[in-house]
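Visitor: what follows is a predicted structure for the sequence shown.
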Amino acid sequence: MVSKAWIPFIVMALASAAWAQEYRFAVEADKTTVTLGGVVTLTYRLEGGNPTEFKEPQAQGFDYASYVSQGMEMRQFGSRFTKAITFSVSIKPKQVGTLVVQPASVVVSGSRLESDKIVIQVTDKGQAEKDFYARIAQGLYIKVSLSKNTVYVGEQVRLTYTLYRNASTPIANLEYKTLPEYDGFWKEVLVDRQKFQLTDELINGERYQTGILESVILFPQKAGTFTLDPFVLHTRIPVPSRRRTNPFFFDFDDFFGSYNYLDYDIESPITKLTVNPLPQPQPSAFSGLVGKFSFTAALSAQQVEVDDAITLNATVTGTGNLRMLNPWRLQLPLGLEDYPNKTHDNVSTKSGVMQGNRRFEYLMFPRREGVFKLPELSLCFFDVETEKYITLSSGILSFQTGKSSEVVGTNAPTAGKGPVVKSDIAFINNDIQYIIPDLSRLYPLGYSPFLSSSHILWSSVPFIILVMAIWLYRRYGPGQQLGPAYGMRHALILAKKHLDQAQKHMVSGRENLFYDEVSKALATFLTQRLGLPAGEYSRDRVEQALQERGFTPPEAQAIGQVIDLCGFARFAPGTKALVMHDVFIQTSQAMAQIDQKLGA
């Protein structure tokens with residue numbers, strides 16, 4: 001017989017056991033034996049709770065073939081229903097042998113659960129399979145074209161990725177897998193991958209479908225030899241299932257019957273670009289432009305009246321990165337007032353190169369009579385044809401105001417330098433108005449403000465500030481900081497606003513508006529929560545900032561993958577509603593994970 005004294009301990013033990021059995025986290029693989037280059041899909045199931053964090057497994061010897069996708073699964077066992085949260089990810093082996101996928105983990109109610117390990121047996125491709133893939137590669141490939149293989153820093157080069165598909169090569173699906181990053185380059189898009197479409201073309205007597213995946217103009221920002229990122233597409237090749245003895249020998253023209261589908265990646269070839277440094281030493285006035293340019297500067301008039309507007313237009317025309325050119329800073333003569341300049345661009349990339357003109361407009365108003373001489377403008381650029389620095393000059397521009405022919409000068413006077421012009425003194429004398437004193441502010445001799453109402457009022461201000469500071473200190477407690485807390489609340493408010501809009505668009509099926517709002521939500525949250533300037537928002541910068549704040553590299557990379565997912569999921573095939581739901585869930589969880597780890 002059990003003593004009554006032991007009953008509480010037995011109840012607690014049973015409760016602890018029930019609590020421990022409440023959650024179940026397991027993993028399944030769609031196959032445990034795969035040939036080299038094949039794809040294995042891992043599905044992790046959590047039963048009994050809602051996870052706040054999922055940490056993907058370390059799969060040494062594998063490449064990830066997809067993003068982690070989250071879903072929900074309902075199962076029925078007799079009259080009992082079970083609900084499970086699922087995480088799916090596809091991996092692709094890089095080597096032959098027995099490979100082990102380490103456990104994944106989830107956090108539920110503050111506790112971390114781990115899955116089992118998965119052992120995958122990877123075998124080499126047989127000769128039939130190698131012949132099959134070789135035949136596919138001949139009829140389905142990506143071609144990379146560079147307008148130049150060697151350029152200077154800042155010189156433009158056109159890069160194009162084109163997909164070629166032989167009409168006899170069937171594909172069942174096509175989706176983006178890996179996209180170029182263009183690190184170290186300034187990019188101008190010619191053909192966006194969103195506008196990808198196939199057209200028929202006859203090549204060596206065979207019918208092909210071709211389409212430009214992406215075409216960009218690159219401006220290298222540093223010297224070196226660069227290996228350009230590959231463009232990788234994922235597709236599925238249908239193989240007639242009626243020849244089950246060996247699915248790799250079949251007639252491509254036979255499209256009847258049922259099919260098995262083989263995963264296949266189309267990867268662009270390795271392409272290198274050599275970037276040479278600009279010759280040294282560089283002129284001090286070098287504008288940074290590299291290409292071929294001309295330069296003009298002209299005034300809108302030669303004769304104006306005092307206070308009438310006159311415009312200086314400085315125009316640079318040519319081929320190169322005109323958008324990086326900054327305006328000149330003018331040093332104007334005394335008596336000539338200017339307003340902030342305006343920039344006008346007429347730049348085109350239709351011919352496959354960036355060319356056109358950039359015009360800077362300077363609006364000025366003369367406030368005195370005389371002949372105004374403007375400072376000389378010059379443009380220094382590197383000519384890629386002659387491989388030399390070229391300097392073009394406008395010469396000294398001048399105009400007359402009124403009837404006076406007195407020359408005002410080419411620069412504003414500098415204190416302690418240059419002669420004093422008599423007319424300048426006269427102009428200053430006219431410009432200064434006589435100051436009438438306010439007699440109401442005069443006080444009798446011997447007056448003292450001590451103990452006056454204003455003295456008492458201003459003397460009490462420090463005490464009021466001190467009382468407020470003490471109240472704030474007690475209200476928010478020691479160590480509390482209002483700035484970061486406000487930044488956090490502000491980030492959450494803005495992100496929630498965009499997420500609410502995204503959810504509405506998801507329910508109504510407005511796909512483009514959904515992806516716009518969910519991308520804004522994530523970008524707003526990350527830039528404000530991590531203190532990043534808007535111009536530095538990128539996956540690499542976010543991952544770096546997360547690791548600086550204590551995130552592990554896999555955790556930071558997982559959040560980086562969510563950034564890519566928000567940008568490219570709209571192009572993924574499949575049921576659009578399910579894809580949008582998956583993006584919404586992963587974005588919300590990424591933001592919650594960051595908030596939980598960083599705290600207030």
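Guide: Looks like it came in fine.
Visitor: which stretches of the protein have low pLDDT?
Guide: Scanning the chain with the threshold set as pLDDT under 70 gives 1-21, 75-81, 240-259, 409-451, 475-491, 534-536, 567-575, 600.
Visitor: you'd agree K597 is in a helix?
Guide: Yes: going by DSSP: H, G, I helix; E, B strand; the rest coil, the assignment for K597 places it inside a helix.
Visitor: tell me the contacts of it?
Guide: Residues in contact with K597 (CB atoms under 8 Å, 6 or more residues apart in numbering) are 549-551. (Each C-beta comes from the backbone N, C-alpha and C, glycine too.)
Visitor: and if we set it to 7 Å?
Guide: Taking CB atoms under 7 Å, 6 or more residues apart in numbering as the contact definition, K597 lies against 550-551.
Visitor: which residues touch stretch 302-318?
Guide: Counting by CB under 7 Å, 6+ apart, stretch 302-318 makes contact with 291-301, 322, 325, 328, 355, 357-369, 374, 377, 379, 399-402, all of which sit outside it.
Visitor: looking at those, which are in strands?
Guide: With DSSP state E as the criterion, strands contain 291-299, 355, 357-366, 379, 399-401 from among the contacts of stretch 302-318.
Visitor: drop anything exposed from the contacts of stretch 302-318.
Guide: Of the members of these, the ones counted as buried by neighbours, 16 or more other CB atoms under 10 Å, are 291-293, 295, 297, 299, 322, 325, 328, 355, 357-358, 360-362, 364-366, 368-369, 374, 377, 379, 399-401.
Visitor: what's the neighbour count on R541?
Guide: When neighbours are counted by other CB atoms under 10 Å, R541 registers 17.
Visitor: actually, T98.
Guide: The burial count for T98: 9, using other CB under 10 Å.
Visitor: ok, E56 next?
Guide: Counted with other CB under 10 Å, residues neighbouring E56 total 21.
Visitor: kindly report the same for K496.
Guide: Residue neighbour count, defined by other CB under 10 Å, stands at 15 for K496.
Visitor: can you give me the helices for the protein?
Guide: Counting by DSSP state H, residue ranges of the helices within the chain are 7-20, 127-139, 422-431, 453-476, 482-508, 511-529, 539-548, 553-568, 576-598.
Visitor: will you turn these into JSON lines that also has distance to V108?
Guide: As requested, the helices of the chain are exported to JSON lines (distance: least, CB to CB, whole Å):
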{"stretch": "helix 7-20", "distance to V108": "11"}
{"stretch": "helix 127-139", "distance to V108": "42"}
{"stretch": "helix 422-431", "distance to V108": "75"}
{"stretch": "helix 453-476", "distance to V108": "32"}
{"stretch": "helix 482-508", "distance to V108": "23"}
{"stretch": "helix 511-529", "distance to V108": "24"}
{"stretch": "helix 539-548", "distance to V108": "22"}
{"stretch": "helix 553-568", "distance to V108": "17"}
{"stretch": "helix 576-598", "distance to V108": "13"}
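Visitor: out of these, deepest packed?
Guide: Mean neighbours per residue, mean count of other CB atoms under 10 Å, is largest over these for helix 511-529, with a mean of 21.
Visitor: helices or strands next to that one in the packing?
Guide: The elements that helix 511-529 packs onto, with contact taken as 3 or more CB pairs under 7 Å, 6 or more residues apart in numbering; DSSP states H and E, are helix 482-508, helix 553-568, helix 576-598.
Visitor: domains for the chain, by residue range?
Guide: Dividing the chain into domains by automatic domain parsing, as the record does, gives the ranges 21-123, 127-276, 290-425, 482-598.
Visitor: could I get these as JSON lines with distance to S460?
Guide: Supplementary listing: the domains of the chain in JSON lines, determined by distance: least, CB to CB, whole Å:
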{"stretch": "domain 21-123", "distance to S460": "51"}
{"stretch": "domain 127-276", "distance to S460": "58"}
{"stretch": "domain 290-425", "distance to S460": "44"}
{"stretch": "domain 482-598", "distance to S460": "24"}
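Visitor: those: which one's closest to W471?
Guide: Evaluated over these, closeness to W471 peaks at domain 482-598, with 12.8 Å, by CB to CB.
Visitor: spatially central residue for the chain, please.
Guide: S538 (3.7 Å; CA atoms, centre = their mean).
Visitor: quick check: that one vs L392, distance?
Guide: Using CB to CB, to the nearest Å, S538 is found at 36 Å from L392.
Visitor: kindly report the same for M506.
Guide: For M506, the distance to L392 (CB to CB) stands at 55 Å.
Visitor: how many neighbours does S88 have?
Guide: S88 is flanked by 18 other residues according to other CB under 10 Å.
Visitor: and it, what does it touch?
Guide: Going by CB under 7 Å, 6+ apart, S88 touches 41-43, 69.
Visitor: what do you get if the cut-off is 8 Å, keeping everything else the same?
Guide: Contact analysis of S88 by CB under 8 Å, 6+ apart lists 41-44, 66, 68-71.
Visitor: out of the helices and strands packed on helix 511-529, which comes closest to E155?
Guide: The closest approach between E155 and any of the helices and strands packed on helix 511-529, judged by CB to CB, belongs to helix 553-568 at 28.6 Å.
Visitor: got the contact list for that closest one?
Guide: Judged by CB under 8 Å, 6+ apart, the contacts made with helix 553-568 from elsewhere in the structure are 54-56, 58, 67-68, 176, 179, 515, 518-519, 522, 526, 539-540, 542-544, 546-547, 551, 583, 586-587, 590, 593-594.
Visitor: distance check, the nearest residue to L262 once chain neighbours are set aside against L334.
Guide: The shortest distance from L262 to any residue other than its chain neighbours is 4.7 Å, reached at I237 (CB to CB, 6 or more residues apart in numbering). The span separating I237 from L334 equals 77 Å under the rule CB to CB.
Visitor: Y389 now?
Guide: Using CB to CB, Y389 is found at 34 Å from L334.
Visitor: got it, and A502?
Guide: For A502, the distance to L334 - CB to CB - is 57 Å.
Visitor: please apply the same query to Y182.
Guide: 48 Å.
Visitor: repeat for D263
Guide: 75 Å.
Visitor: with S588 instead?
Guide: Distance from S588 to L334, counting by CB to CB: 61 Å.
Visitor: which residues in the stretch 1-150 of the chain form strands?
Guide: Listed from the start of the chain, the stretch 1-150 of the chain has strands (DSSP state E, counting those that start in this stretch) covering 24-29, 33-35, 40-47, 53-55, 62-64, 69-77, 80-93, 97-101, 105-108, 111-114, 118-123, 140-146, 150-152.
Visitor: from the middle of its chain, how far away would the last one be?
Guide: Meaning strand 150-152. 26 Å (CA atoms, centre = their mean, to the nearest Å).
Visitor: so what touches it?
Guide: Contacts of strand 150-152 from elsewhere in the structure, counted by CB under 8 Å, 6+ apart, are 157, 220, 273-278, 290, 382, 384.
Visitor: out of the contacts of S88, which is most surrounded?
Guide: Using other CB under 10 Å as the neighbour definition, these reach their maximum at Y44, which records 25 neighbours.
Visitor: test of understanding: give the bridge partners of the closest residue to that one other than its chain neighbours.
Guide: Counting by CB to CB, 6+ apart, F87 is the residue found nearest to Y44 once chain neighbours are left out, at 4.4 Å. On the basis of DSSP bridges, F87 is bridged to Y44, Q70.
Visitor: now for F87: which residues touch it?
Guide: Residues near F87 by CB under 8 Å, 6+ apart: 43-44, 46, 54, 56, 68-70, 104, 106.
Visitor: save those residues as JSON lines, and put in distance to S351 too.
Guide: Rendered in JSON lines, the data for the contacts of F87 read as follows (distance: CB to CB, whole Å):
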{"residue": "T43", "distance to S351": "50"}
{"residue": "Y44", "distance to S351": "51"}
{"residue": "L46", "distance to S351": "55"}
{"residue": "F54", "distance to S351": "49"}
{"residue": "E56", "distance to S351": "45"}
{"residue": "V68", "distance to S351": "43"}
{"residue": "S69", "distance to S351": "42"}
{"residue": "Q70", "distance to S351": "46"}
{"residue": "A104", "distance to S351": "51"}
{"residue": "V106", "distance to S351": "54"}
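Visitor: quick one: which of those is nearest I456?
Guide: Using CB to CB, F54 is the member of the contacts of F87 that sits closest to I456, with 64.4 Å.
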